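Visitor: requesting a structural model of the entry that follows:
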Amino acid sequence: MPRPFHLFLDVDGGGWHPSAWRRSRATPSEVFSPARLRGFAVTAQAQGLTGLTFEDSPLPDPRNPAGHLDAVQRAAFLAGTTEGIGLVPVVATTYTEPFHVAAQIASLDHSSDGRAGWIPVATADPAAARAVGLPVTAGEDLRTELADVVGAVRALWDSWEDDAVVRDVATGRYVDRDRLHHVDVDTGRWSVKGPLTVPRSPQGQSVVLAAEGALPDAQVDVVLTGDHAARRSGGGPLVLVEVELALDTDAAPATERVAALDADGAAPERGRVRFTGSGEQFARFLTDLSARVDGVRLHAAVLDEDLRQLVRTTLPALRVQRLLQAPLAGSTLRSTLGLTRPANRFATA
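Guide: So this is what the prediction gives:
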């Protein structure tokens, strides 16, 4: 069979364009509706997508003028109403306690039976520091901070060995204390003392996705890149290309749709590949990419409109070529991506 080509869909707000909310079928009062989010998730799962991502920010986002809900909470809401599809929230790390991040993602992994991922990001805007009353982190310190947080979180995920939970009711022994491990990290900016309050999760380590160059390869399972010419690396992290798409609809060509959106406010350049055209052309574009990379992370210009076109035109063409292989019910995100379950760094004989 052909190598699986993994499609992730971001389901934040109305779409990647800051004016997408004007064309959304949801009224402002429906932005926080669980039915809307569940609808996107059910469609993506039925179509065989590998995972959903949930953007987030500690600051207001012009793409979400009515506000937005916490990314981890949105992913956790879908954990019990989906199966097979991965759930990958963005969590900003610069002004967030690493211990809390580790517990949140591990809890999501448990509640989803091993389908959790995590996109750690740094926050450069000084307003984010002011919002929580912390000193501003800038320049190279941002990259150092991100690596330190991810390193601490990964260590905390290993602070419980796989068989640390005993649950022996007869003897009243529920935890093997010898299989719990202290994780003491002090960077001078923050400190962490483990073990974590959450046992080791089904995946052992939830899948970490990060922007190209943001972290050392050893800390990353999947690299997100805006380079159209990127290629998968043998033995290294998987490679997903970030793609902003706008597709032709029955009402208007994609170029006209984007022009109408830009008239209300042009979209910023985010360093992603941008595709504008028909759904059939997009299928050929993805087929070409599949020869070089492991998949894509899709950002629809207007979710309500572009997701329908993906379902009608692009995804059927990918299924014909057997590039789209739906995750199996009961599978973990790691197994779907072909990643091994990592050994615990503290494992004892």
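
Visitor: please name the nearest non-neighbouring residue to the residue most central in space within the chain.
Guide: Nearest residue to the geometric centre of the chain (C-alpha atoms, centre = their mean): Val88, 3.1 Å. Using C-beta to C-beta, 6 or more residues apart in numbering and skipping residues adjacent in sequence, the residue nearest Val88 is Gly117, 3.5 Å away. For every residue, glycine as well, the C-beta is placed using N, CA and C.

Visitor: is it true that the one you found touches Val90?
Guide: No - taking contacts as C-beta atoms under 8 Å, Gly117 lies outside contact range of Val90: 10.1 Å.

Visitor: what do the two both touch?
Guide: With contacts defined as C-beta atoms under 8 Å, 6 or more residues apart in numbering, the residues shared by Gly117 and Val90 are Thr53.

Visitor: who's more crowded, those two?
Guide: Gly117 (28 against 19; other C-beta atoms under 10 Å).

Visitor: who does the more buried one bridge with?
Guide: Counting by DSSP bridges, Gly117 is bridged to Val207.

Visitor: can you give me the helices in the chain?
Guide: Assignment of helices within the chain using DSSP state H yields the ranges 34-46, 71-79, 98-111, 126-132, 140-157, 254-263, 279-290, 303-309, 315-320, 333-337.

Visitor: those into TSV, with extra columns for distance to Val11 and mean neighbour count?
Guide: Conversion of the helices of the chain to TSV gives the following (distance: least, C-beta to C-beta, whole Å; neighbours: other C-beta atoms under 10 Å):
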stretch	distance to Val11	mean neighbour count
helix 34-46	5	16
helix 71-79	8	21
helix 98-111	16	22
helix 126-132	23	14
helix 140-157	24	20
helix 254-263	18	16
helix 279-290	18	18
helix 303-309	7	22
helix 315-320	16	17
helix 333-337	16	22
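
Visitor: weakest of the ones you listed by average pLDDT?
Guide: Note on those: helix 126-132 shows the lowest mean pLDDT, a mean of 87.

Visitor: now find how far off-centre it is within its chain.
Guide: Centre-to-centre, helix 126-132 and its host chain are 24 Å apart (C-alpha atoms, centre = their mean, to the nearest Å).

Visitor: which elements pack onto it?
Guide: The contact analysis (3 or more C-beta pairs under 8 Å, 6 or more residues apart in numbering; DSSP states H and E) places helix 126-132 against no helix or strand.

Visitor: how about residues contacting that helix?
Guide: Contacts for helix 126-132 (C-beta under 8 Å, 6+ apart): Pro58, Leu59, Ala92, Thr94, Tyr95, Thr123, Pro135, Val136, Thr137, Ala138.

Visitor: tell me which two of the residues you listed sit farthest apart.
Guide: Longest distance between any two of these is 16.9 Å, between Leu59 and Pro135; criterion C-beta to C-beta.

Visitor: just give me the neighbour total for Thr137.
Guide: 21.

Visitor: from Val91, how far out is it?
Guide: 16 Å (C-beta to C-beta, to the nearest Å).

Visitor: what's the answer for Arg130, then?
Guide: From Arg130 to Val91 the distance is 20 Å (C-beta to C-beta).

Visitor: same check, this time on Leu108
Guide: Distance of Leu108 to Val91, given as C-beta to C-beta: 10 Å.

Visitor: who touches both of these two?
Guide: Counting by C-beta under 8 Å, 6+ apart, the residues touching both Leu108 and Val91 are Val72.

Visitor: where are the low-confidence patches of the protein?
Guide: Applying pLDDT under 70 to the chain picks out residues 1-2, 28, 62, 64-66, 349.
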